[in-house]
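**Q** What follows is a protein structure lacking sequence information:
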């Protein structure tokens, strides 16, 4: 039986402006990017909430990719909305508007059919909700590999909750600025050591255009971002990385160090496609053949 | 017969302050860092100028490492002096004082014994002097692999001269901010393409703590910096990278793509030692055994 990846996170409508163009009210959110990215490797099963304005046709497209959308609740009101603008080097996003809408009262409900799944990705949401889902999936369910993400907002406001969460995660995916913020340690090796000491088995530090690094106790793997000449919109890059990472592990079924490294390379490969289109547009046209070709190119890029 | 690397560049006295300590009037300069780094792989032969205050004992130490110091002129006056301070993340240096001293009238003279050498590294000096040395080494001599470095100051003031220089170089080593400044192109792939169009065969883009990338036409290799927990002083990191890069190529004798990639890894490895001590201190105690061990660790760090 094929493992599925259970994913909880945001489902959103985004209005994005970058130096290369703009798009309004496009489908986004961490749950969307990560589940589509995962779907190239394994079926996904998602948990989230949308408003009545969310395009039903998009949920059908997700289903057609093997994503179980039973866990997406359609609530009265409007979908979570984010509007932002990127700097000329695409490295930083300025949030111009956030409307929580139905996401403001989000309380994840896990469909019973999801409980037997072994792989769980807790995308960036309130750590209290992440802990709630994790506990249910681990105690009532059969989860054995849970990964999580977070953001500066929660590190600032709910650090104790995050410490608790991390102590129960198998893997943490976190960006470079955030791990520095969380640990108060500029040096990445020292920062990662502190996170590992909390109980996480695998730490993946995401560095945007500079790639990523994977760590386990006494093990390190550094990888670049795939170099692109046509990056246009970084929205969802980190979520795509995480989704492909988890999808590969679930599809493969073994979470040893060699697979962690390959999963990270697939994460970099899939996110390189994400950023070469606005919103999820490029992800939605990506083929397995293109993905395999770029994986081979990537391996060549780092081989000596 | 073993190839030597001829190196022209600055010989200096540096006073350095970083968050991890300070050192005053220590020996430095691009010619010093790069020739010591090269000496682990091949003999070096240096061209530079020092004042009467420069410690003769240090020149003897260089000689003892197989560095031919015949080309170091001892001029009346004081040695080039630089005083600088690094930011808390070690990423940027603020120059507090520069005294050109004897370096202000530096006109490189190439000892006749250097002319038969095939490998030349033009460290960062006035591009007009770089061109002068390059022409002599290529027309009167037997140079067949010349590499160069530069800095923002010359890109701002002598861009045309640099274009001429680059058109005659086999390899350019340049940092990320500088290649963006030179080409006016933020995207590194596009920026490199413009440099390759000038005639350079190999471009190495140095990205500090984020590593480096090597390019030839239709070829790319990305490598991280070796992750350290004890970086204390980045002075000379780029020069050490370049010196080890050139030393490895000269020592090996073949400049094919596989060797370019290995040379870059040795560059990253040697510079990782440089930054873990103040000035040249760690480079001077580095052993070939330590170097071989870290090369193996580095290969493991990027292997999937």
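**A** Good, I have the coordinates. It should be emphasised that the depicted structure is a prediction, and the values quoted were computed from it without experimental measurement.
**Q** Next to chain B in this structure, residues from chain A, please.
**A** Counting by CB under 8 Å from any CB of the partner chain, the residues of chain A close to chain B are A:88-89, A:186-190, A:207, A:210-211, A:213, A:220-224, A:227-229, A:231, A:258, A:261-262, A:265, A:299, A:301-304. In this view, the C-beta of every residue, glycine as well, is placed from N, C-alpha and C.
**Q** host element of residue A:84?
**A** Take DSSP states H and E as the rule and residue A:84 turns out to sit in strand A:80-86.
**Q** right, I mislabeled it, should have said residue A:304
**A** Assigned by DSSP H and E, residue A:304 belongs to no helix or strand.
**Q** repeat for residue A:181
**A** Taking DSSP H and E as the definition, residue A:181 sits inside helix A:176-183.
**Q** mind listing what's buried in the next helix or strand along the chain from that helix?
**A** Going down the chain from helix A:176-183, the next helix or strand is helix A:188-197, by DSSP H and E. Neighbour counts over helix A:188-197 (16 or more other CB atoms under 10 Å in any protein chain shown) mark A:188, A:191-193, A:195-196 as buried.
**Q** swap in stretch A:146-158?
**A** A:146-150, A:154-155, A:158.
**Q** closest to residue B:279 among those residues?
**A** Lowest distance from residue B:279 to the buried residues of stretch A:146-158 (CB to CB) belongs to residue A:155, with 37.3 Å.
**Q** Is the closest one in a helix, a strand, or coil?
**A** The three-state label given to residue A:155 by DSSP: H, G, I helix; E, B strand; the rest coil is helix.
**Q** isn't it right up against residue A:162?
**A** Yes. Under the criterion of CB atoms under 8 Å, residue A:155 makes contact with residue A:162 at 6.5 Å.
**Q** which residues are in contact with both of these two?
**A** residue A:182 (CB atoms under 8 Å, 6 or more residues apart in numbering or on different chains).
**Q** Now do the helices in the stretch 1-150 of chain A.
**A** Secondary structure of the stretch 1-150 of chain A by DSSP state H, counting those that start in this stretch: the helices cover A:30-38, A:56-64, A:127-139.
**Q** I'd like the ones you listed as JSON lines, with distance to residue B:108, mean neighbour count and mean pLDDT appended.
**A** As requested, the helices of the stretch 1-150 of chain A are exported to JSON lines (distance: least, CB to CB, whole Å; neighbours: other CB atoms under 10 Å in any protein chain shown; pLDDT from 0 to 100):
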{"stretch": "helix A:30-38", "distance to residue B:108": "55", "mean neighbour count": "31", "mean pLDDT": "98"}
{"stretch": "helix A:56-64", "distance to residue B:108": "66", "mean neighbour count": "14", "mean pLDDT": "98"}
{"stretch": "helix A:127-139", "distance to residue B:108": "61", "mean neighbour count": "18", "mean pLDDT": "97"}
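**Q** got the ones you listed as TSV, with distance to residue A:111 columns?
**A** As requested, the helices of the stretch 1-150 of chain A are exported to TSV (distance: least, CB to CB, whole Å):
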stretch	distance to residue A:111
helix A:30-38	14
helix A:56-64	14
helix A:127-139	11
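**Q** Tell me which of those sits nearest to residue B:248.
**A** The nearest among those, by CB to CB, is helix A:30-38 at 39.1 Å.
**Q** name the helices or strands packed onto the closest one?
**A** Packed against helix A:30-38 by the contact rule (3 or more CB pairs under 8 Å, 6 or more residues apart in numbering or on different chains; DSSP states H and E) you find strand A:5-8, strand A:44-50, helix A:56-64, helix A:237-252, helix A:257-274, helix A:281-285.
**Q** what is the mean pLDDT for the first one?
**A** Here the mean pLDDT over strand A:5-8 is 98, rounded to a whole number.
**Q** Outside of it itself, list whatever touches it.
**A** The contact list for strand A:5-8, computed with CB under 8 Å, 6+ apart, reads A:31, A:34-35, A:38, A:42-48, A:71, A:108, A:110, A:114, A:117, A:119-123, A:125, A:129-130, A:133, A:137, A:143, A:243, A:246-247, A:250.
**Q** at 7 Å what do you get?
**A** A:31, A:34-35, A:38, A:42, A:44-48, A:108, A:114, A:117, A:119-123, A:125, A:133, A:137, A:246-247, A:250 (CB atoms under 7 Å, 6 or more residues apart in numbering or on different chains).
**Q** Can you turn the buried subset of the residues you listed into a selection I can paste into PyMOL?
**A** The buried subset of the contacts of strand A:5-8, as determined by 16+ other CB under 10 Å, is captured in PyMOL by this line:
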select buried, chain A and resi 31+34+35+38+42+44+45+46+47+48+108+114+117+119+120+121+122+123+125+133+137+246+247+250
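**Q** hang on, the earlier thing: so among the residues of chain A next to chain B, which ones count as buried?
**A** A:187-188, A:207, A:210-211, A:213, A:220-224, A:227, A:231, A:261-262, A:265, A:301-302.
**Q** which phi and psi does residue A:212 have?
**A** Torsion angles at residue A:212 (phi, psi; degrees, to the nearest 10) stand at phi -160, psi 170.
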